[in-house]
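Asks: Next come a sequence and a model predicted from it.
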Amino acid sequence: MATSADRTIALEAVFRVVGIGAAPRTIRAGVNQGYESQAMQWPAKDPDDVLDFALDWSEQLEADGTVEVPDTITTATWTVPAGLTKNSQVEEDGLVTVWLSGGEAGSRYDIGCRIVTGGGRTYDRTISLSVRQA
């Protein structure tokens, strides 16, 4: 029987929160591999922070047995709930980044990211972000 520590290690392997430079707020959008009930979550932010948060779609864009060449992102759309502000967004080489500000301390927000690829695929992910007073 899997322990809590085993599940934590498995989730870290599935979602692989990785740091890019000084911003450890990037999550790989890899397939959830059976952990559907486990939400993807970024580290909490302060209401006064203006920070970049990213989703790495490179695994979905790689060539595989059904696709012979790597796919590309043609559109990326962030859905940001009321209370948070989307300051800007950028996509580069499969990494889709959104800059967020605001939020009410003690609140949790679900942010959506949808990409459409040149190969006609559509992927959606929802990531939770908690806001806490630092």
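Replies: Sure, I can see it.
Asks: C-alpha only now, for contacts and for neighbours.
Replies: OK.
Asks: beta partners for the most centrally placed residue in the chain?
Replies: The centroid of the chain falls nearest to Leu55 when counting by Cα atoms, centre = their mean (3.6 Å). Beta bridges link Leu55 to Ile27, Val96, judged by DSSP bridges.
Asks: quick one: buried residues of stretch 127-134?
Replies: Ile127, Leu129, Ser130, Val131, Arg132 (16 or more other Cα atoms under 10 Å).
Asks: Which ones among those lie within strands?
Replies: Taking DSSP state E as the definition of strands, those contribute Ile127, Leu129, Ser130, Val131.
Asks: show me the contacts for the second one.
Replies: This points to Leu129. Gln41, Trp42, Pro43, Ala44, Lys45, Arg108, Tyr109, Asp110, Ile111 (Cα atoms under 8 Å, 6 or more residues apart in numbering).
Asks: in the sheet, who's paired with it?
Replies: Tyr109.
Asks: can you list contacts of stretch 40-48?
Replies: Counting by Cα under 8 Å, 6+ apart, 15, 25-27, 51, 53, 101-105, 126-134 sit against stretch 40-48.
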